[in-house]
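S.K.: My questions concern the predicted model and sequence given below.
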Amino acid sequence: MNLRRDAILREMGLAPLWRLRGAGQGEAEPAPAEISPERVPVVLQSASAPMPRPARPDLRESLQQAAAPVVPVQPMQRSDVGGAVSGLDWETLEATIRGCEACGLCKRRKQAVPGVGDRQADWLFVGEGPGAEEDERGEPFVGQAGRLLDAMLARIDLKRGEDVYIANAVKCRPPNNRTPEAAELAACFPYLQRQIALIRPRLIVALGRPAAQALLNEEVRIAASRGKLFSHNDIPVVVTYHPAYLLRNLQDKAKAWEDLCFARRTMAGLKAS
């Protein structure tokens, strides 16, 4: 990271979070858990007391203030999308996910990981798949990558469970945390699709290439997709790096911050229209 970018991030109050190891005067990067809870808003809507939502405006009209091109994605043919889960409520859907045997990932899992958060959230974050800690606890993003995601959310005044829902493209841990295969993504997609239909988010943030490809059903390169708005069933989609990737590639944390700022501007435009 050059000095100019470092100075910009420091002005934004991000220098402690995004600093590379060995940079500066030997200051340690603070753990995400140290972020003050006063920075996050109160719960907008409770999952236990759902409220009707106003009709959403046309996507093209609502994104006029986003200041970025909308990239249309032509969906490829899927087999039986939705299928047996298309009409399930939350409780039945999650029970079905936990008992799913649609692909080989079920053979080595400890438990499936449906998702967590506000079931009427405006923000939906979709990752790749559960890791070892997620497989143990049954909640997505609870390991080191999850702590980084929580810190990233806090920097744009969001918090897990408060107007935010977090899910994965596949609900069972791939062996050795490998990338999910195409057949596994396809087998699990109806569950994610039903979650999207139940949540009705205003904006989806795809964390990493597998999540983006599951949502857009297209070959995706993160570097080429950043800063653009895609669409999944008329819901805008922003593509950025997965937190686990950022832990291995610290130099791209600043790019991820730019993507979060872009997502925040997009959401502001959606709410204003």
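M.R.: Received, thanks. The shown structure was predicted, so the numbers you read here are calculated from the model rather than taken from an experiment.

S.K.: contacting residues for the residue nearest to residue 184 when sequence neighbours are not counted?
M.R.: Excluding the flanking residues, the one nearest residue 184 by C-beta to C-beta, 6 or more residues apart in numbering is residue 103, at 4.9 Å. Glycine gets a C-beta too; all of them are placed from N, C-alpha and C. Listed by C-beta atoms under 8 Å, 6 or more residues apart in numbering, the contact partners of residue 103 are 172, 183, 184, 187, 188.

S.K.: Looks to me like the second one is in a helix.
M.R.: Okay, so that is residue 183. Yes: counting by DSSP: H, G, I helix; E, B strand; the rest coil, residue 183 falls inside a helix.

S.K.: Enumerate every residue touching residue 221.
M.R.: Contacts of residue 221 (C-beta under 8 Å, 6+ apart): residue 209.

S.K.: now it: how far from residue 174?
M.R.: Using C-beta to C-beta, to the nearest Å, residue 221 is found at 21 Å from residue 174.

S.K.: quick revisit: mind putting the contacts of residue 103 into CSV with neighbour count, distance to residue 194 and pLDDT?
M.R.: Output for the contacts of residue 103, formatted as CSV (neighbours: other C-beta atoms under 10 Å; distance: C-beta to C-beta, whole Å; pLDDT from 0 to 100):
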residue, neighbour count, distance to residue 194, pLDDT
172, 29, 16, 97
183, 11, 19, 94
184, 22, 17, 95
187, 21, 14, 94
188, 24, 11, 95
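
S.K.: I'd like the mean pLDDT over the helix or strand hosting residue 265, please.
M.R.: According to DSSP states H and E, residue 265 maps onto helix 253-272. The average of the pLDDT scores along helix 253-272 is 96.

S.K.: ok so, going back, show me the two of the contacts of residue 103 that sit farthest apart.
M.R.: 172 and 183 (13.1 Å; C-beta to C-beta).

S.K.: Okay, buried residues for stretch 114-133 please.
M.R.: 114-131 (16 or more other C-beta atoms under 10 Å).

S.K.: can you give me the strands in the stretch 51-200 of the chain?
M.R.: All strands of the stretch 51-200 of the chain, identified by DSSP state E, counting those that start in this stretch, fall at 116-117, 123-127, 164-168.

S.K.: now for the shortest one, which elements pack on it?
M.R.: It stands for strand 116-117. Applying 3 or more C-beta pairs under 8 Å, 6 or more residues apart in numbering; DSSP states H and E, one finds that strand 116-117 contacts strand 164-168.

S.K.: Is residue 207 bridged to anything, and to what?
M.R.: residue 240 (DSSP bridges).

S.K.: Distance of it relative to residue 241?
M.R.: 7 Å.

S.K.: between those two, who's got more neighbours?
M.R.: residue 207 (30 against 19; other C-beta atoms under 10 Å).

S.K.: what's near enough to touch the more buried one?
M.R.: Contacts of residue 207 by C-beta under 8 Å, 6+ apart are 125, 126, 127, 128, 149, 240, 241, 242, 243.

S.K.: From those residues, pick the one nearest residue 165.
M.R.: Using C-beta to C-beta, residue 125 is the member of the contacts of residue 207 that lies nearest residue 165, at 7.4 Å.

S.K.: thought that closest one was touching residue 150?
M.R.: No: with contact defined as C-beta atoms under 8 Å, residue 125 does not reach residue 150; the gap is 10.8 Å.

S.K.: one step back: tell me the pLDDT of the residue nearest to residue 184.
M.R.: Looking at residue 103, the pLDDT reads 94.

S.K.: Do me a favour and average the pLDDT over stretch 129-141.
M.R.: The model assigns stretch 129-141 a mean pLDDT of 94.
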